[in-house]
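Asker: Using only what follows, build the 3D model:
(2 chains)
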There are 2 protein chains.
Amino acid sequence: MKSSPSTVFITGCNRGIGLELVKQFLGSEKGPKHLFATCRKVSDELKELESKNKNLHIIILEVTDYDSFPKVVKQVEEIVGEDGLNLLINNAGMIPADRDLKSVTPEAMRQAFEINCVAPLMLSRALLPLFDKAAAKAGNKTARNAHRAAIVQMSTAVASIAENEFGSYYPYRASKTALNQCMKSMSIDLKDRGILTMAIHPGWVQTDMGGPNAKITTQTCVSEMLKTIDQLDDKDHGAFLRYNNTPIPW
Amino acid sequence: MKSSPSTVFITGCNRGIGLELVKQFLGSEKGPKHLFATCRKVSDELKELESKNKNLHIIILEVTDYDSFPKVVKQVEEIVGEDGLNLLINNAGMIPADRDLKSVTPEAMRQAFEINCVAPLMLSRALLPLFDKAAAKAGNKTARNAHRAAIVQMSTAVASIAENEFGSYYPYRASKTALNQCMKSMSIDLKDRGILTMAIHPGWVQTDMGGPNAKITTQTCVSEMLKTIDQLDDKDHGAFLRYNNTPIPW
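Answerer: Take a look at the predicted model:
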């Protein structure tokens, strides 16, 4: 991405895809005016990035601590002011260990659903007033894009029911499929507000979560995703896309 | 349905679709040998049916009380013996009041997910040994159908992401879409066990849940659903069908 959206908010930035997103946003030719990177615990790498980049703001956030959201929104609002927020990437997520038909537990189902579906829905809603501000700045223009106002939900191809060929993974699949459905509902509920929303599959990435057999590096995943996010427009509102801008069936 | 599967288990039978399912199974030309009807609280109507039908067994069950499942399975096992279970209809479900983007709460999301997705997944798994018995009785025959061994998940067209045109209904949509995904995974995980599984949309039915503007009566819904269930075969394994046997996109 040559030119970053002006104000960006990303969850789950201490490592993996989230950390790489931060790096590549900061490294773009025209970087963000303000980049908010949340994590539960700050990694040394993220801390170092903050010390070198004045536009990077680390926010300690447990994404399921909904009571803390008003404070976070206020914190962002005080920095961005009337610019509002251009882009949210709900990247924080998890895969429970108890995943197959024999081992899956109600607790694993609940935990995945809370972190992978309820949390991004609630955070997206909490930040809506800031997206409204950013969308309003574009005046009469109604075209949606990630430089105006966009909510990107980090989904997974594994959430596709149509492409489910290997079964299992109940908590991860169910929670991310539910997230896709919430994204779709939100795309309809936000249709007159100039805010784009879509779900993206990052690819099978060599992170702690993806494991060593994964197909692409975190760098490739993120640079491709950022190209895709950069190109998002009206036709992608409510869409489910791969990192390389190809559609995924529901 | 002229001839009912021999052993049938249905949840949420105190009223609405569940109660009507019980009535129509009992009223079929060749009724079930054993029909297990669960509910949290027995309605007078269900109680009366039990007094008149020796093959009807009422089981008090809160579908999210997973600790009670082993006892329920044992209770059923003692009655059906080596016949096992031919058909489970996971009918119990709910729609939270806090459903739109403004009013939806984490608690509404959790409650719907627990009752509409986690509970049917857990109950289906708990009853698998009884389905294995029923499937084994058919010997070498591998063809799947509801008279051999089948798990029917009561879904809803509202769970279709592809057909989501009106947005909102976050808890209900998310939980039932997640249920569809779990059903799909289970269809793959059970592929060598002769057990059919699918999800069905009952139509927009005139029940307490469907409200007065609903399109079809409970009687029509159930008689059409039973025709569809009666005709299920291999091609419907892992499918998402309307009550009248037409497919729904994911």
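Asker: where along chain A do the strands fall?
Answerer: A:7-10, A:34-39, A:56-60, A:87-90, A:150-154, A:196-201, A:240-242 (DSSP state E).
Asker: For chain B, find the nearest of those strands.
Answerer: Between chain B and the strands of chain A, the shortest gap by CB to the nearest CB is with strand A:240-242, which sits at 8.1 Å. For every residue, glycine as well, the C-beta is placed using N, CA and C.
Asker: Give the other helices and strands that that closest one contacts.
Answerer: Applying 3 or more CB pairs under 8 Å, 6 or more residues apart in numbering or on different chains; DSSP states H and E, we find strand A:240-242 packed against strand A:196-201.
Asker: For the strand it packs on, which helices and strands make contact with it?
Answerer: Using 3+ CB pairs under 8 Å, 6+ apart: strand A:196-201 touches strand A:150-154, helix A:170-189, helix A:218-231, strand A:240-242.
Asker: again, 7 Å this time
Answerer: strand A:150-154, helix A:170-189, strand A:240-242 (3 or more CB pairs under 7 Å, 6 or more residues apart in numbering or on different chains; DSSP states H and E).
Asker: Which among those is found nearest to residue A:43?
Answerer: Minimum separation from residue A:43 across the helices and strands packed on strand A:196-201 (CB to CB) falls at strand A:150-154, 18.4 Å.
Asker: Close to chain B: what parts of chain A are there?
Answerer: Taking CB under 7 Å from any CB of the partner chain, the part of chain A that reaches chain B is made up of A:66, A:101, A:106, A:109-110, A:113, A:117-118, A:121-122, A:125, A:161-162, A:164, A:166-170, A:173-174, A:177-178, A:180-182, A:184-186, A:188-189, A:250.
Asker: Sort out which of the residues you listed are buried, if you could.
Answerer: The neighbour count (16 or more other CB atoms under 10 Å in any protein chain shown) marks A:66, A:101, A:106, A:109-110, A:113, A:117-118, A:121-122, A:125, A:161, A:164, A:167-170, A:173-174, A:177-178, A:180-182, A:184-186, A:188-189, A:250 as buried among the residues of chain A next to chain B.
Asker: Let me have the strands of chain A in a markdown table, adding mean neighbour count and mean pLDDT as columns.
Answerer: Shown next, in a markdown table, are the strands of chain A (neighbours: other CB atoms under 10 Å in any protein chain shown; pLDDT from 0 to 100):
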| stretch | mean neighbour count | mean pLDDT |
| --- | --- | --- |
| strand A:7-10 | 26 | 98 |
| strand A:34-39 | 24 | 98 |
| strand A:56-60 | 17 | 98 |
| strand A:87-90 | 26 | 98 |
| strand A:150-154 | 26 | 98 |
| strand A:196-201 | 26 | 98 |
| strand A:240-242 | 20 | 98 |
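Asker: Redo the ones you listed as CSV? Include distance to residue B:201.
Answerer: As requested, the strands of chain A are exported to CSV (distance: least, CB to CB, whole Å):
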stretch, distance to residue B:201
strand A:7-10, 37
strand A:34-39, 39
strand A:56-60, 42
strand A:87-90, 29
strand A:150-154, 25
strand A:196-201, 23
strand A:240-242, 22
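Asker: Which one, of these, ends up nearest to residue B:146?
Answerer: strand A:240-242 (32.6 Å).
Asker: Other residues contacting that closest one?
Answerer: A:155, A:157, A:180, A:198-201, A:203, A:228, A:247-248, A:250 (CB atoms under 7 Å, 6 or more residues apart in numbering or on different chains).
Asker: distance of residue A:6 from chain B?
Answerer: 25 Å (CB to the nearest CB, to the nearest Å).
Asker: try residue A:244
Answerer: Distance from residue A:244 to chain B, by CB to the nearest CB: 21 Å.
Asker: roughly how far apart are that residue and residue A:139?
Answerer: Taking CB to CB, to the nearest Å as the criterion, residue A:244 is separated from residue A:139 by 33 Å.
Asker: likewise residue A:243?
Answerer: With CB to CB as the criterion, residue A:243 and residue A:139 are 32 Å apart.
Asker: Settle it for me: which of those two has more neighbours?
Answerer: residue A:243 (24 against 8; other CB atoms under 10 Å in any protein chain shown).
Asker: Local confidence estimate at the more buried one?
Answerer: Looking at residue A:243, its pLDDT reads 97.
Asker: chain center to stretch A:207-221, what's the gap?
Answerer: 17 Å (CA atoms, centre = their mean, to the nearest Å).
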